[in-house]
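**Student:** Okay, sequence plus prediction incoming.
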Amino acid sequence: KNAVNFLKDTPEHPAGVIIHDVVRPFFDIETARQVAIAALEYGAAGPVLPLVSTVVRRSNEGFMDHSLDRSKYCGSQTPQGFRFDVIYQAYSKCTQEDIQNGTECLHL
């Protein structure tokens, strides 16, 4: 959010913004290029990969309740791209809880 607020105060807003997670410091430049192009066209974009881990929901007792069908879900990664107006409006609607605990910009 700090980066978007900084950009808001610049004389000219950029057309788009790329947000990247420092947990994955290296990414393919071609991926970033495709994300940027798609973000400008659709408003937001980011790479997704098929799930390889089993995702389960636990019961109130702490036991496995059921598992997700991995073929229907993907894992979202960075870099994520946005038209400036889209990400700025999304962040302006966030609560402090969203900022502290949210992890998915594309969800905003």
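**Tutor:** Structure received.
**Student:** And the closest residue to Pro47 other than its chain neighbours, how far from His66?
**Tutor:** For Pro47, ignoring the flanking residues on the chain, the nearest one in space by CB to CB, 6 or more residues apart in numbering is Gln77 at 5.0 Å. Heads up, the C-betas are built off the backbone N, CA and C, glycines and all. According to CB to CB, to the nearest Å, Gln77 and His66 sit 25 Å apart.
**Student:** Distance-wise, check the nearest residue to Tyr73 once chain neighbours are set aside relative to Ala45.
**Tutor:** Spatially, and ignoring its direct neighbours in sequence, Tyr73 is nearest to Leu51 (5.3 Å; CB to CB, 6+ apart). For Leu51, the distance to Ala45 equals 19 Å [CB to CB].
**Student:** again with Ile19
**Tutor:** Relative to Ala45, Ile19 is positioned 11 Å away (CB to CB).
**Student:** again, but for Arg33
**Tutor:** Distance, Arg33 to Ala45, by CB to CB: 11 Å.
**Student:** which of the two has more neighbours?
**Tutor:** When neighbours are counted by other CB atoms under 10 Å, Arg33 and Ala45 differ, and Ala45 comes out ahead with 22 against 11.
**Student:** Model confidence for the more buried one, exactly?
**Tutor:** pLDDT recorded at Ala45 is 95.
**Student:** in the lengthiest helix in the chain, what's buried?
**Tutor:** Ordering each helix of the chain by length in residues (DSSP state H) puts helix 29-42 first. For helix 29-42, burial by neighbour count (16 or more other CB atoms under 10 Å) applies to 32, 35-36, 39.
**Student:** What of stretch 85-101?
**Tutor:** 86-88, 90-91.
**Student:** just checking, which of these belong to helices?
**Tutor:** Cross-referencing these against helices under DSSP H gives 86-88, 90-91.
**Student:** contacting residues around Pro47?
**Tutor:** Contact analysis of Pro47 by CB atoms under 8 Å, 6 or more residues apart in numbering lists 31, 35, 76-79.
**Student:** hang on, the earlier thing: tell me which two in the buried residues of helix 29-42 are the farthest apart.
**Tutor:** The largest separation in the buried residues of helix 29-42, counting by CB to CB, is between Ala32 and Ala39 at 10.3 Å.
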